[in-house]
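Student: What follows is a predicted structure for the sequence shown.
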Amino acid sequence: ALGWVALSAQVLVGMPEQAMYCALVTAAWLLTRRGSLGLLRRTGRLVLLGVGAAAIAAPQVLPTVAFLPATPRAYSPELYQFASMLLTAPERLFLAGTGIQNFPSFLGLACLVLAAVAVAARRDRAAFLVVTGIVGFLLAAGPQVGLYAWFHRLPVIDHFRSPMKLFAFAEFTTVWAAALGADTLARRSGRGGRVTVVVLVLAALAERGVYLVDEVRAFRSYQKASGLTPDRVELLARSVPARMRRAGEPPPLVLDMGALLGGGYAQSLGALVGLSSLHAGTVALIGRPHIRIISLGRPHRPELPALLGVRYLLVPSAECERVQGRFRWRAVEHTPDFCILENPAPAGHYEFVRRAVAVADEEAMIGAVMEHPEGPIPIQAPATAIEGGLGPGLLQLRAYEPGHARLTTVTRGRAVLLVRESFARGWTVRVDATEVTPYPAAGLYFAVSLPTGLHSVTLDYRAPGFRPGVVVFLVWCAGTAMAAAATAARRQDRAA
């Protein structure tokens, strides 16, 4: 059960790569360990471990699998070896006080000596730990060694990136093997063994302490180079967009202009304080239109944020003057980290479309948004769905909460309602209790065709796969509990 939790927890917190790597190491551990169990029974236990972990993580896994095809992560990333551990100064991995590599990484000499002691003494699984550490180190080096390119050809692994994540296995297994070496020396009779282990353990702690000083210094330099203050979350919580959020209403849309590809200041932290951001940073799992329009397109013209319904721009302080000069939006807040610019005429979260053009596919829709953000609004729908249906109308928001809304609309003729919610599988739109088809529109959002007259429009989002995932989780937990109870009952019968 602890194995199920250990693997599934990594998926649930958004680290599927680490879960997969740990699963591979676990499989190798179980299949190569000496013991009384035969290969068939070991394989059975391994399958049970995998199925149990998948069942516990199902509420996260199934929605992710359903959403993944709409994102760039549906394919093998092109620059999958970009974030590798650079071996420009390899001595920094072993000699404390010499600085750090391109990311925090350290092994030390004392730990390696203790690990060698464990291998020399043939301690159980010491060789496995050392080999795992060596393989993790070689994989983390990426193109400098070349092993990761072969590893990346494996199914599922070919969707991952950042080889440096595998260095954790080198570091953890080295420490584990070092602990076995220390135990080996401590068990030896005589004063010499005890003195040696004390010296080596103290040396390992000392060199790690010296390294930590360099690591803290490095993180401070990273922070200084970023120009950001440590109280980023507090600044966001007190910002104008956070304060302007009202219960029962859609939150004002924010466009984070930080970093080269956008989303670099607030990243995902904005969600903690109630900000509704169009872009949560480069590692966010977002749809391809978001990548094309927000990240790669970089909305430098005010027409594009206006089309997307942006009310506020969150701009790093160093860029405030330049961005404000281009957009001509009023600055409503200044902090040491950022400024907030307000759109003088923000579009509504829900509004009737007066100028639109039908496009054949997603690519044409994205192209129209990026080339002509001033309009007409591209809608991926048959021309008959919008012809003669661009009339005016009135609407009133009756109820709202994230993923759910109810509106009342009144139109003199056919009309098209633009909903500025990210379009994805899982949206259900009903007009007077009749389910209708939403059409992708304006690059990121969707539109609804409405007939003449007074209507009630209901919008509901349910993450595809979430409910089946919860059912799988509950069934597995119930089945496991019943199996455990039956096993305990049999043991009591045998004891009696």
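Tutor: Now that the structure is in, tell me what you want to look at.

Student: CA atoms for contacts and neighbours, from now on please.
Tutor: Will do.

Student: The lengthiest helix in the chain - what's its average pLDDT?
Tutor: Using DSSP state H, we find that the single longest helix of the chain is helix 191-226. Helix 191-226 shows an average pLDDT of 87 in the prediction.

Student: for stretch 454-463, same thing?
Tutor: The model assigns stretch 454-463 a mean pLDDT of 96.

Student: Mind listing the residues bridging to residue 428?
Tutor: Bridge pairing for residue 428 (DSSP bridges) gives the partners residue 460.

Student: number of nearby residues for it?
Tutor: 15 (other C-alpha atoms under 10 Å).

Student: do the one 4 residues further on as well
Tutor: Residue crowding around residue 432 was assessed by other C-alpha under 10 Å; the count is 13.

Student: Excluding residues flanking it in the chain, which one is nearest it?
Tutor: Spatially, and ignoring its direct neighbours in sequence, residue 432 is nearest to residue 456 (5.1 Å; C-alpha to C-alpha, 6 or more residues apart in numbering).

Student: Identify the residues contacting residue 339.
Tutor: 314-317, 320, 331-333 (C-alpha atoms under 8 Å, 6 or more residues apart in numbering).

Student: a strand runs through it, doesn't it?
Tutor: Yes - applying DSSP: H, G, I helix; E, B strand; the rest coil, one finds residue 339 inside a strand.

Student: Now the buried members of the contacts of residue 339.
Tutor: 314-317, 320, 331 (16 or more other C-alpha atoms under 10 Å).

Student: rewinding a little: what about the residue nearest to residue 432, how many neighbours?
Tutor: That count, for residue 456 with other C-alpha under 10 Å as the rule, works out to 17.

Student: Bridged to it, which residues?
Tutor: Applying DSSP bridges, one finds that residue 456 bridges with residue 408.

Student: was I right about it contacting residue 431?
Tutor: Yes - using C-alpha atoms under 8 Å, residue 456 is in contact with residue 431, at 5.7 Å.

Student: So residue 337 sits against residue 316, correct?
Tutor: Yes - the criterion here is C-alpha under 8 Å, and residue 337 meets it with residue 316 at 5.9 Å.

Student: which other residues reach whichever helix or strand comes after the longest helix of the chain?
Tutor: As assigned by DSSP states H and E, the chain's next helix or strand after helix 191-226 is helix 232-237. With contact meaning C-alpha under 8 Å, 6+ apart, helix 232-237 is reached by 242-243, 266, 269-270, 273-274, 335, 337.

Student: hmm, 6 Å instead?
Tutor: If you take C-alpha atoms under 6 Å, 6 or more residues apart in numbering as the criterion, helix 232-237 is touched by residue 273.

Student: re earlier: flag every buried residue along the longest helix of the chain.
Tutor: 193-194, 197, 200-201, 203-204, 207-208, 211-212, 214-215, 218.

Student: Pipe the residues you listed into JSON lines and attach distance to residue 176 per row.
Tutor: As requested, these are exported to JSON lines (distance: C-alpha to C-alpha, whole Å):
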{"residue": "193", "distance to residue 176": "19"}
{"residue": "194", "distance to residue 176": "19"}
{"residue": "197", "distance to residue 176": "15"}
{"residue": "200", "distance to residue 176": "15"}
{"residue": "201", "distance to residue 176": "13"}
{"residue": "203", "distance to residue 176": "16"}
{"residue": "204", "distance to residue 176": "13"}
{"residue": "207", "distance to residue 176": "17"}
{"residue": "208", "distance to residue 176": "15"}
{"residue": "211", "distance to residue 176": "19"}
{"residue": "212", "distance to residue 176": "19"}
{"residue": "214", "distance to residue 176": "23"}
{"residue": "215", "distance to residue 176": "22"}
{"residue": "218", "distance to residue 176": "26"}
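
Student: In strands only, show me the buried ones among the contacts of residue 339.
Tutor: Mapping the buried ones among the contacts of residue 339 onto strands (DSSP state E) picks out 314-316, 331.

Student: Out of those residues, the closest to residue 425 would be?
Tutor: residue 314 (28.9 Å; C-alpha to C-alpha).

Student: Residue 105 looks like it's in a helix, true?
Tutor: No - counting by three-state DSSP, residue 105 is not part of a helix but coil.

Student: Run a quick neighbour tally on it.
Tutor: For residue 105, using other C-alpha under 10 Å, the count is 20.

Student: which phi and psi does it have?
Tutor: phi -160, psi 130 (degrees, to the nearest 10).

Student: now swap in the one 5 residues further on and tell me
Tutor: The phi and psi values for residue 110, taken as degrees, to the nearest 10, are phi -60, psi -40.

Student: Give me the distance between the nearest residue to it once chain neighbours are set aside and residue 440.
Tutor: Distances taken as C-alpha to C-alpha, 6+ apart place residue 204 nearest to residue 110, at 4.9 Å, with adjacent residues excluded. Look at residue 204 and residue 440: by C-alpha to C-alpha, to the nearest Å, they are 58 Å apart.

Student: Next, the buried residues of stretch 144-164.
Tutor: 147-149, 152, 158-164.
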